[in-house]
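Enquirer: How does the following fold in three dimensions:
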Amino acid sequence: MIIVINFISHFTVPCHFLLNNFIAAVPDHHCDISALDDGSIFRNLTLEEKLTVSIPVQQDGTLSSCEMFAEPQYHLLLNSSNITDLHTVPCQNGWVHDNIIFKSTLTTEWDLVCENKGKNKATVTIFFIGVMFGAATLGSLSDRFGRRNMLLVSYVGGLLLAVASAFSTSYMMFAVLRFFTGFFIIGIIIVSTILNVEWVDIQHRKLVGLTNGFGWTFGSAVFPAIAYFVTDWRWLTISVSLPLIQAILTWRFLPESARWLIAKGKLEQAQTNLQKCAKMNQREDLMDALTIEALSNIVVTEKIDRTYSYLDLIRTPKMRILALQTGVIWFCVAAAFYGISLNLTGFGINIYLTQFTYALIEIPAKISVYCLLDKIGRRSTQMGSLLMIGVCLGINIVIPKDMSGIRTVIAVIGKGFSSAAFTPLLLYTSELYPTVVRQNGVAFCSFMGRFGVAAAPLMLLLDEVWQELPQVVLCCVAVLGGVVARTMSETHKTCLPETIEDIEQQQ
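Expert: Next comes the predicted model:
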């Protein structure tokens, strides 16, 4: 029940993560030339002729997007190739945008083109900065106030702020609301995943990881269809946020994590939740064993009334090593995943089919991970997928640019391995950290992952230094992640650690 309810709520998260691809899309545009109408010759021209005498043509034969002639150049109607030394000026009266594909986007709403195009690209960065800080904040609060309470905060905050952003009247208002939308949206993933992991047994933990992964893939696959029919950015933002209403309505059926309750010394409530769970799963034979005395013996080595913080991740030697290892891996996986995704071109199909194809690529990758997690373990699966990302990136470095078909196939395979690297990451991390700081640990790792997301576009800008340098850097990042993964502990068929002392006692 818990997994099904959270699966549905996970639908919204990938939609918001990918939302910028559509609401910030840049349609074809050119300067508004209405001001050049002199009331005589210009008025009698066809639209094509007006554009010819008003807007210069670029080397590729398309109209300039950011410049126009200071005055109509009627001689171009006779010789359109003679444009040397003609005086041009920036667009004086705004732009005219093509609305064939998109009825309305952020670009058309606030003319985020030419000298303002940086604001358009900044919207995705602003969102992920919100995600980064939200992961750190909500993770800490979840360890303090409970998984269930902070999950409701994430639902309500994400819904209200996302809908509010759709009614923004200025770019600044939208940017601020988008930041806080990201802040709360990320809580849905990190809090619900921990809640799922803490409620299942060892044999079913990988099922939780796969379910979360397919929740993301499901949202990614359905989202292009929604975007295809809802082409106004305001209504699209509202449409992908509405499933959170269902999440809020079903939240009351979610029980608090029994592990968290025990760690906090709330043994009576933990006993009640565990007995309800046993009854629902038709395991009444276990109810007699769920006594207060038995539960109190689970955590006996640390003070149950102690408040834990991020400092506990680095307070002891082995916890410091664990935090460093997981932080590096999250950064490497996120940077490689988004670096490949942002640089994956060459399909020759429209934006909707491209996004749908990206989602389909993830399906075989995640099914493979599901099979491998038990056969070769978490560590080997994580290490292998990261190293294979490096191999694919390395191959594309040496393949000539004119062999675009082969390069595209290799890039698609690399995208599949990057998805395979992401699939077990949250599950593996959840199993590595002890219950008392599990949410803090996952939140820290999510913070490092969003840092990798923010770094990926900067890595791609290195092509100005050397065309293949972004691929080289991403390849090195992936290989580094694989090497670090090799040094981590295996968690397959092991009990979840409950306390920091459990980590320090590990061999």
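
Enquirer: which intervals of the stretch 201-350 of the chain have sub-threshold pLDDT?
Expert: Where the stretch 201-350 of the chain drops to pLDDT under 70, the residues are 202-206, 209, 282, 284-291, 293-294, 296-306, 342-350.

Enquirer: at 80 instead, please
Expert: Residue ranges of the stretch 201-350 of the chain with pLDDT under 80: 201-215, 257, 259-260, 262-265, 269-307, 341-350.

Enquirer: Show me where it has its helices.
Expert: 205-229, 233-241, 243-250, 258-263, 267-280, 292-296, 317-343 (DSSP state H, counting those that start in this stretch).

Enquirer: mind checking which of those helices is nearest N196?
Expert: Closest approach to N196 among the helices of the stretch 201-350 of the chain is made by helix 205-229 (4.5 Å; C-beta to C-beta). Every residue, glycine included, has its C-beta placed from N, CA and C.

Enquirer: Against which helices or strands is that closest one packed?
Expert: helix 2-10, helix 12-18, helix 171-199, helix 233-241, helix 351-375, helix 425-432 (3 or more C-beta pairs under 8 Å, 6 or more residues apart in numbering; DSSP states H and E).

Enquirer: Next secondary structure after the second one?
Expert: Okay, so that is helix 12-18. helix 20-23 (DSSP states H and E).

Enquirer: Okay, now the sheet partners of the very next helix or strand once past that next one, with direction.
Expert: Next in sequence after helix 20-23, counting helices and strands by DSSP H and E, comes strand 29-31. Using DSSP bridges, the strands paired with strand 29-31 in its sheet are strand 95-97 (antiparallel).

Enquirer: Between the two ends of stretch 390-405, how far is it?
Expert: For stretch 390-405, the first-to-last residue distance is 20 Å (C-alpha to C-alpha, to the nearest Å).

Enquirer: quick one: contacts of it?
Expert: Defining contact as C-beta atoms under 8 Å, 6 or more residues apart in numbering, one finds that stretch 390-405 is touched by 336, 340, 346, 406-407, 410-411, 413-414, 417, 468, 471-472, 474-476, 478-479, 482.

Enquirer: buried sites along that stretch?
Expert: By 16 or more other C-beta atoms under 10 Å, the buried positions in stretch 390-405 come out as G390, V391, C392, L393, G394, I395, N396.

Enquirer: OK, contacts around the spatially closest residue to the third one that is not a sequence neighbour?
Expert: It stands for C392. In space, and not counting its chain neighbours, C392 is closest to G414: 3.4 Å by C-beta to C-beta, 6 or more residues apart in numbering. Shown in contact with G414 (C-beta under 8 Å, 6+ apart): I340, M388, I389, C392, L393, N396.

Enquirer: measure G414 to N21 for me?
Expert: 19 Å (C-beta to C-beta, to the nearest Å).

Enquirer: With L78 instead?
Expert: L78 is 43 Å from N21, where distance means C-beta to C-beta.

Enquirer: Looking at the two, which one has more neighbours?
Expert: Neighbours of L78 and N21, each counted by other C-beta atoms under 10 Å, are more numerous for N21; the result is 18 against 7.

Enquirer: show me what contacts that one?
Expert: If a contact means C-beta under 8 Å, 6+ apart, then N21 has I351, Q355 as its contacts.

Enquirer: same thing but 10 Å
Expert: For N21, the contacting residues are V124, F223, P224, A227, S341, I351, Y352, T354, Q355, Y358, by C-beta atoms under 10 Å, 6 or more residues apart in numbering.

Enquirer: again with T46
Expert: The contact partners of T46, by C-beta under 10 Å, 6+ apart, come to T52.

Enquirer: Could you check the pLDDT of it?
Expert: At T46, the predicted lDDT confidence score is 80.

Enquirer: try P364
Expert: pLDDT, P364: 90.

Enquirer: can I assume it is in contact with A420?
Expert: Yes. Between P364 and A420 there is a contact under C-beta atoms under 10 Å: 9.1 Å.

Enquirer: Adding distance to E268 and secondary structure, write the contacts of G414 out as JSON lines.
Expert: Output for the contacts of G414, formatted as JSON lines (distance: C-beta to C-beta, whole Å; DSSP: H, G, I helix; E, B strand; the rest coil):
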{"residue": "I340", "distance to E268": "50", "secondary structure": "helix"}
{"residue": "M388", "distance to E268": "49", "secondary structure": "helix"}
{"residue": "I389", "distance to E268": "48", "secondary structure": "helix"}
{"residue": "C392", "distance to E268": "53", "secondary structure": "helix"}
{"residue": "L393", "distance to E268": "54", "secondary structure": "helix"}
{"residue": "N396", "distance to E268": "59", "secondary structure": "helix"}
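
Enquirer: returning to that earlier point: and the residue nearest to C392, what helix or strand is that in?
Expert: helix 404-422.

Enquirer: Measure how that helix sits relative to helix 317-343, angle-wise.
Expert: Between helix 404-422 and helix 317-343, the angle comes out at 150 degrees (axes from the mean of the first three to the mean of the last three C-alpha atoms, to 10 degrees).

Enquirer: Could you pull up the mean pLDDT of helix 404-422?
Expert: Helix 404-422 carries an average pLDDT of 85.

Enquirer: Stretch 57-75 now?
Expert: pLDDT averaged over stretch 57-75 gives 77.

Enquirer: Over to stretch 127-141?
Expert: Mean pLDDT, computed over stretch 127-141, is 85.

Enquirer: Okay, buried residues for stretch 156-165 please.
Expert: Neighbour-count burial for stretch 156-165, counted by 16+ other C-beta under 10 Å, picks out G157, G158, L159, L160, L161, A162, V163, A164, S165.

Enquirer: out of those, who's nearest T487?
Expert: G158 (35.9 Å).

Enquirer: Quick check: pLDDT value at the closest one.
Expert: G158 is given a pLDDT of 93.

Enquirer: hmm, who's touching stretch 458-465?
Expert: Outside of stretch 458-465, the residues within contact range by C-beta under 10 Å, 6+ apart are 335-336, 338-339, 342-343, 452, 468-474, 477.

Enquirer: so which pair among the residues you listed is furthest apart in space?
Expert: Farthest pair in the contacts of stretch 458-465, by C-beta to C-beta: G452 and E468, 20.6 Å.

Enquirer: Mean neighbour count, the helices and strands packed on helix 205-229: which tops it?
Expert: Mean neighbour count (mean count of other C-beta atoms under 10 Å) peaks for helix 425-432 among those, with a mean of 26.
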